[in-house]
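Undergrad: Return a 3D structure for these sequence lines:
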Amino acid sequence: MKFFRINIYLKIKYYFLSFFINENKLDLVVSKLLSINSNKKHFFFTSQLRVGFMILLKYLKYKYPQKNEIIFLSYNLAEMINVAKNLRFKTKLCDLDYKNGFYKIKNIKKKINHKTSAIVLTNMFNSFEETSALKRFCKSKKIILIEDNAICFDNFKKLNGRKFYTGSFGNYSLYSFNIMKNISALYGGGVSTNDISFKKFAEKEINGYSNFPLFLLVKQSIIFFILKSLSNNILYKLVFFKVVKYAHLKNNLSLLKVFYPSLKFKNISFPKHYTTKVSNITKKLVYLQLLDLKDRTQNHRKRKLKNIYYHKQLVNKKIAGIKLLPIKDFNFQNFIDYPILVKNKNKLNEHLLKHGIETRTIYYRNCNKIFNIEKSRAKNSERYENEILCLPNHKKITKEYIDYIIETISSY
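TA: Here you go, the predicted structure:
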């Protein structure tokens, strides 16, 4: 029993259909569609999420030159921290709360001062209540809240008949449309905002960028079709799973970098492809998927039901050495992969691979260790990096397979 760990949400039919769509006014239509999730009037595309973040920080530096400090969770994507450092922001990292994988407000209070420009809210494991509390705190301190919504698209909390989406809390909301995301458009990102002066600043900045490299689009298209082919169980069992198993068991870094691009990170200045415009294909693919509300709703519901099933089964099993994250609302905390924390992660992963189960072993990383920014070790971020194991969750994963995964974990 083997299932491909990931799901590529982009449909092949949309890939080919995108070549026949007129791109006129696509930006406006996408902006209107995204406003439902972001609760913001304006949106613009960027070639990647981190490029949108780069432009936003340039704008904040221009508008508030006296404020040059920014706060992140230490457990994060290193490329995001690198953007702030390259723009010469003083970067402050907060360790997360081990219990829930999110900020502690009391830790933030120690970091802020009159030079604090913004706090970055990286949506990962946080609940609606924790997210709302951070928003209220930022508002009370008149600090900008930047929301990184790369991996939580369409997650929501329903209150009094109204849906509050992740992506609607920040003053500025960042989106990713890369190949592995819920809205999957090969490459691409974007920013939602109510700040019209920022939108004009960004448009002027992007106008000076070169066109998106064709070779990167071709490369990503090839990867897309390979991954779609490997989602076929026969090919996955015969070829890809064996490669994944070998890479992990032999700790082959070259192969692991293919599966986990975050391992490729280097502490360098901005690469050339940052200053490129988004491709028209990306715009069309995002448009087609945003328009397909039925498919998005079904994907969200199927993941939610499997997250619920994972959680209930693991709670009932009470497996020693396994910690579960607190989930208050499975609509809001609707994970793409179901996360658990386990102290012997690498050994457990080897055990699972030997039983035909592929998991995600690398999520984000302890950026304090990478950049050596703070004197403290950010011990909880380090624990998350060392302990987090994400179990597969998408429409092809069956309850029987989830049972098999949990039994295999239990037998270790």
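Undergrad: ok, longest strand in the protein?
TA: The single longest strand within the chain, with elements called by DSSP state E, is strand 116-122.
Undergrad: outside of that one, which residues touch it?
TA: Residues from elsewhere that reach strand 116-122 (Cβ atoms under 8 Å, 6 or more residues apart in numbering): 60-61, 64, 67-73, 76-77, 80, 89, 108, 131, 134-135, 138, 141, 143-148, 169-170, 364. Heads up, the C-betas are built off the backbone N, CA and C, glycines and all.
Undergrad: For the next helix or strand after that strand, what does the pLDDT average out to?
TA: With elements assigned by DSSP states H and E, the helix or strand that comes after strand 116-122 is helix 128-141. The average pLDDT within helix 128-141 is 97.
Undergrad: Same question for stretch 349-367.
TA: 94.
Undergrad: distance between the ends of it?
TA: Separation of the first and last residues of stretch 349-367 by Cα to Cα, to the nearest Å is 23 Å.
Undergrad: Could you shift the numbering so residue one becomes 354, and keep it that way?
TA: Sure thing, new numbering starts at 354, so read that last one as stretch 702-720.
Undergrad: ChimeraX command for the buried members of the contacts of strand 469-475?
TA: In ChimeraX, a selection of the buried entries from the contacts of strand 469-475 looks like this (16 or more other Cβ atoms under 10 Å):
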select :413,420,421,422,423,424,425,426,429,430,433,442,461,484,487,488,491,496,497,498,499,500,501,522,523,717
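Undergrad: From the contacts of strand 469-475, which land in strands?
TA: Those of the contacts of strand 469-475 lying in strands (DSSP E): 422-426, 429, 497-501.
Undergrad: I'd like to know how many residues surround Lys696.
TA: If you count neighbours by other Cβ atoms under 10 Å, Lys696 ends up with 12.
Undergrad: From Asn466, how far out is it?
TA: For Lys696, the distance to Asn466 (Cβ to Cβ, to the nearest Å) stands at 37 Å.
Undergrad: Pull up the pairing partners for the longest strand of the chain, direction included.
TA: Sheet neighbours of strand 469-475, with direction, are listed as strand 422-426 (parallel), strand 497-501 (parallel) (DSSP bridges).
Undergrad: would you turn the ones you listed into TSV with mean pLDDT and distance to Tyr765?
TA: Below are those laid out as TSV (pLDDT from 0 to 100; distance: least, Cβ to Cβ, whole Å):
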stretch	mean pLDDT	distance to Tyr765
strand 422-426	97	30
strand 497-501	98	34
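Undergrad: Quick one: closest of those strands to Gln651.
TA: Gln651 sits nearest to strand 497-501 of all the strands paired with strand 469-475, at 25.3 Å, using Cβ to Cβ.
Undergrad: Contacts for the closest one next, please.
TA: Strand 497-501 is contacted from outside by 402, 406, 409, 413, 433, 470-476, 487-488, 491-492, 519-520, 522-527, using Cβ under 8 Å, 6+ apart.
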